[in-house]
Structure formats: structure tokens, C-alpha cells
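Colleague: Task: produce atomic coordinates for the following.
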Amino acid sequence: MTAFGILFAMAVGVSLMLTRRLPTAFALVLLSVAIALIAGAPLTGEEDSVVGTVLQEGAPRLSATMIAILLGSWLGTLMSETGIASTLVRKIVEFGGERPSVVAVGVFLVAILCGSITGSAPAAMLAGVVGIPAMIAVGVTPTVAAGTVLVGIAAGVPLELINWQFLSDAIGVPVSTVQHFQLRLFPIALVGGLAYILVEMRRRGARHTWSVRVPAASGGGSDRPATRRERAAERRRRRGDAPWYALVTPLVPIVLALGFEVPIIPSLLAGVVFALFTAVPWREASATALRTLYRAFDVAAPPIVLFIAIGMLLAAVGLPGAVTALSPVVTLISPSSPWLFVLVFALLVPLSLYRGPMNIFGLGAGVAGVLVSGNIYPAPAVLGLMASYGQVLGVSDPTSTQTVWASQYAGVRPERSMLSTLPYTWVIAVAGLVLVVFLYLL
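Modeller: Numbering: from 1, shown residues only. Predicted structure coming up:
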């Protein structure tokens, strides 16, 4: 009876999120309290209580992820203000010329770099503010232009240090385990994204609707002839270009984390410092650092609030009463055969859309917690399941902020972007599930 009460509460929570009667974070907090009470947890007390365990201990459970989000947002804000991201896109457009495929693939690669630094709408803006109109200018249809940015961001997520920290905290596995799976998922997402661009561009054709002009260089207003260095600096100033050596900023945290095994937070801090020293004049570095940090708090606030709520949900589903009640039900409906695992969870891919029950940034965190705490699957397998689903919800979910922003900026409806990208992200997710089987279930 307890299990059915918890499942009913989850269904109500999903309904509140789908109908947008409550913001996702608020719905998850209420759901966490409801699950704890239904599972028989006392209201107060030091152990396994609503106040002490779910609220007090659950709220800061993902604190390392929250700090990583803030630092990633800071780095993303710096890349935006200093022109690093827009310069990368402009260089790609200049190189691609009038070749739509080259420009689209170039923007896709820039989006991967942006997605590796920060997620959601900020990453879409970094790559898309210049990239989307540039693609449309050379003949890429608006739907494919928006989709190109989205699949690029998703392909960068397996390299995103923030995502590593979140999955590590949420599922309870070491960061090295997350890294092990994500680095193997990255080639799948990369190939899937390229397939989307090349196939959809050929299928939909090309048309020219916008025009983008690269500002011409100016020599300044002085009577003295400008030197080559001065002319180059003036061109960068007028166009907002960052110095060439600052363009490697997105790679700095990744190289440190992968190549030198530096922890996630110091790696992100190193990226911030590198951006400041390479793209900001020395006299302005302090003021720029403080200004962009304050702006980063605005960017980071919504996901941090969400992760506070997710921490509470994870604490609630991990209570002994909830685990005891839900484990038999989940065991009964969970496939035991490795290849049945692929088949069943491949069919359940749409449940990660529209803030559904398999969305790891919502109720899916609770589902993952039940699968792990009930010993239904090994924790690394649950990690792979949720990371594979993340490729779908990060691109095709019409309620996600990056999908809404990229679609509307390109002039199309988010639902149209979903229909365009979903066949490809679904295949990527299924390939990820097959990878899970070979790595953890055979």
C-alpha cells in the first residue's frame, strides 16, 4: 500500500510539472516531503526524518554540483563578455564562406566547446547568437540551424565537468566512473550530431533568408599611419574579437581534468583565470572578474534551485521506508535480461521529454535513486541509462530552456525542433543503452 501511495504522489508531481501549475523545483520539494511522510518518516528527528534528513541533509546534498554550476556560469559569462565564443563562430563563418555544410559543422564544433563549459540556455546563446543567423545566411534552414546548435551542445555534455559532478553526486558513483562512461558516449553523440546536420541539410535543402556582414577594418582617426598591430587590435575592438590565444579557453578545464586529473572545481577555476589573463586587459581584469561573477549568479540561480530540490528528492527516495516499499515494485517491472534492458528502456525514451519521469533533472533523479538504492541495477549502469536519456532531453525536449531559446531565436516552434531532432537523439540514446550493456551488464 505504501508503494502505491508513493507512486500516486509521483504521478501527481509529474502532472504538476507537465501542466506547469508549479515550477519543477517547487513540485519536487513538495513531492520529497510527500514521499517521506508516506514512507513513514517522522516529521522531526536526527535520523530518517522529514526535517532532519530530507530538508536539512537533502538540500546541500549536491553542493559540489552547485559550486561547479556557478563556476561554469562564470566562465560562460566571461566567454560571452570577452567575445571568445562569438570570435570562434565568426572564424568558422569566415573559413566556411558560402558553403552551408562547412559553416554548420563549424558551428556544431563550437557548440560542443560551449556545451562542455556550461549547459542549458547559456550554452545555446554562446554558440547561437552569432551561429544561428550565420547558418541561415548561407542557406541552412532555420529548423536545422537551431537543431545544429542543440545537437552540438548535447555532444559537448559528455565532456562537461558540471555534468560529471552532478551525475557523481546524484547517483553516488565516483567522478572517475562518470568520466569512464561519458568519454565512451562522446563519440556516439558526436557521430549522431554530424549525421543530423548532414542528413537534414540534404533532405531539407538550402535557402537564403538572413544576411550577415563582417565589419570592415578601420585604420582609426589619427594622421599617423597605423601599424599592423594597431590595425589588428582595432579590428578586434570593432568586431568584439578575442585574441587568438584566448580561443582555447573552453579546452583548458577539459585538458586539466582529463590529462592531468585535476579535480573539477579547480579545473573550472583555472579556465576562469585563463580567460581573464588572455582576453581581458590587465587593468580591467579585477573589475571584469567581479562584474562577470555577479552576472554568473543570475545565470546559475535557476539550476542551483533545481538541484537543491533534486537533493531533497534523492534523500526522500533513499529513506528506508521508501526503499523497502518501492524495491519490489521496481524489481518486478525492471527487465532482468541485458538485451531486454535495451529494448524496454529504448521504448521508454519519450518519458524523458516534457519533464517526464525519466528526466534526470526532475523526477528521473528519484527513479535513479530507487534503482540504485534497491540494487536493481549496478550504479554505473543507472548512470549510463540516465546519461543516455540526457542526450534526448538536452536536445529534443521542447520544455528545456536551450531548446526553447534556440528554436525561437531561429524563428521556429520548439515542437518543430523536437520533431526534427528526436529520431537522431533517440538512436543516440539506444546506442548509449547498448554501451551500458557491454560495459556493465554482461
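Colleague: Quick test: name the residue nearest the centre of this structure.
Modeller: residue 119 (3.6 Å; Cα atoms, centre = their mean).
Colleague: That one and residue 72: what is the separation?
Modeller: 8 Å (Cβ to Cβ, to the nearest Å). For every residue, glycine as well, the C-beta is placed using N, CA and C.
Colleague: Which elements pack onto the helix or strand where residue 193 lies?
Modeller: Assigned by DSSP states H and E, residue 193 belongs to helix 175-204. Where contact means 3 or more Cβ pairs under 8 Å, 6 or more residues apart in numbering; DSSP states H and E, helix 175-204 is packed against helix 100-117, helix 142-156, helix 161-171, helix 251-259, helix 379-393, helix 414-436.
Colleague: Of those helices, which stretch is the most buried?
Modeller: Compared across the helices and strands packed on helix 175-204, helix 142-156 shows the largest average neighbour count, a mean of 30 (mean count of other Cβ atoms under 10 Å).
Colleague: Next, work out how far apart residue 66 and residue 186 are.
Modeller: Taking Cβ to Cβ, one finds residue 66 at 25 Å from residue 186.
Colleague: I'd like the helices and strands packed on helix 175-204 laid out as CSV, including mean pLDDT and distance to residue 354.
Modeller: Putting these into CSV (pLDDT from 0 to 100; distance: least, Cβ to Cβ, whole Å) gives the following:
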stretch, mean pLDDT, distance to residue 354
helix 100-117, 92, 22
helix 142-156, 95, 16
helix 161-171, 94, 20
helix 251-259, 93, 32
helix 379-393, 95, 9
helix 414-436, 95, 10
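Colleague: Export the ones you listed to JSON lines and append columns for distance to residue 130.
Modeller: Shown next, in JSON lines, are the helices and strands packed on helix 175-204 (distance: least, Cβ to Cβ, whole Å):
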{"stretch": "helix 100-117", "distance to residue 130": "9"}
{"stretch": "helix 142-156", "distance to residue 130": "11"}
{"stretch": "helix 161-171", "distance to residue 130": "23"}
{"stretch": "helix 251-259", "distance to residue 130": "20"}
{"stretch": "helix 379-393", "distance to residue 130": "25"}
{"stretch": "helix 414-436", "distance to residue 130": "19"}
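Colleague: Go through these and name the closest to residue 48.
Modeller: Proximity to residue 48, assessed across the helices and strands packed on helix 175-204 by Cβ to Cβ, is greatest for helix 161-171 (19.9 Å).
Colleague: Compare residue 66 and residue 186 (neighbour count), which wins?
Modeller: Between residue 66 and residue 186, counted using other Cβ atoms under 10 Å, residue 66 has the larger neighbour count: 23 against 17.
Colleague: quick one, strands of the stretch 201-350 of the chain?
Modeller: Counting by DSSP state E, counting those that start in this stretch, the stretch 201-350 of the chain has no strands to list.
Colleague: pLDDT below threshold where in it?
Modeller: Scanning the stretch 201-350 of the chain with the threshold set as pLDDT under 70 gives 205-240.
Colleague: sorry, back to before: can you list residues touching both of residue 119 and residue 72?
Modeller: 160, 162 (Cβ atoms under 8 Å, 6 or more residues apart in numbering).
Colleague: Now do the SS call for residue 412.
Modeller: coil (DSSP: H, G, I helix; E, B strand; the rest coil).
Colleague: Contacts only, for it.
Modeller: Residues counted as contacts of residue 412 (Cβ under 8 Å, 6+ apart) are 142-143, 146.
Colleague: Residue 379 contacts residue 172, correct?
Modeller: Yes - with contact defined as Cβ atoms under 8 Å, residue 379 reaches residue 172; the gap is 6.0 Å.
Colleague: Can you pull the residues that touch both of those two?
Modeller: Shared contacts of residue 379 and residue 172 (Cβ under 8 Å, 6+ apart): residue 372.
Colleague: what about the helices in the stretch 251-400 of the chain?
Modeller: 251-259, 264-279, 285-317, 320-333, 338-347, 363-373, 379-393 (DSSP state H, counting those that start in this stretch).
Colleague: any idea how far residue 255 is from residue 262?
Modeller: For residue 262, the distance to residue 255 equals 9 Å [Cβ to Cβ].
Colleague: Please apply the same query to residue 61.
Modeller: Distance from residue 61 to residue 255, counting by Cβ to Cβ: 29 Å.
Colleague: Which secondary structure state does residue 41 sit in?
Modeller: coil.
Colleague: count of neighbours near it?
Modeller: Neighbour count of residue 41, defined by other Cβ under 10 Å: 25.
Colleague: is it true that it touches residue 51?
Modeller: No - using Cβ under 8 Å, residue 41 is not in contact with residue 51; the gap is 9.5 Å.
Colleague: For residue 310, see how far away residue 48 is.
Modeller: Using Cβ to Cβ, one gets 19 Å for the distance from residue 48 to residue 310.
Colleague: Of these two, which one has the most company?
Modeller: In terms of neighbours (other Cβ under 10 Å), residue 310 is the more surrounded of residue 48 and residue 310; the figures are 31 against 19.
Colleague: Contact partners for the more buried one?
Modeller: With contact taken as Cβ under 8 Å, 6+ apart, residue 310 is in contact with 28, 62, 170, 361-362, 365.
Colleague: Can you tell me how far it is from residue 77?
Modeller: Computed as Cβ to Cβ, the residue 310 to residue 77 distance reads 24 Å.
Colleague: residues near the closest residue to residue 10 other than its chain neighbours, how many?
Modeller: The spatial neighbour of residue 10 that comes closest, neighbours along the chain excluded (Cβ to Cβ, 6 or more residues apart in numbering), is residue 363 at 6.2 Å. By the criterion of other Cβ under 10 Å, residue 363 has 26 neighbours.
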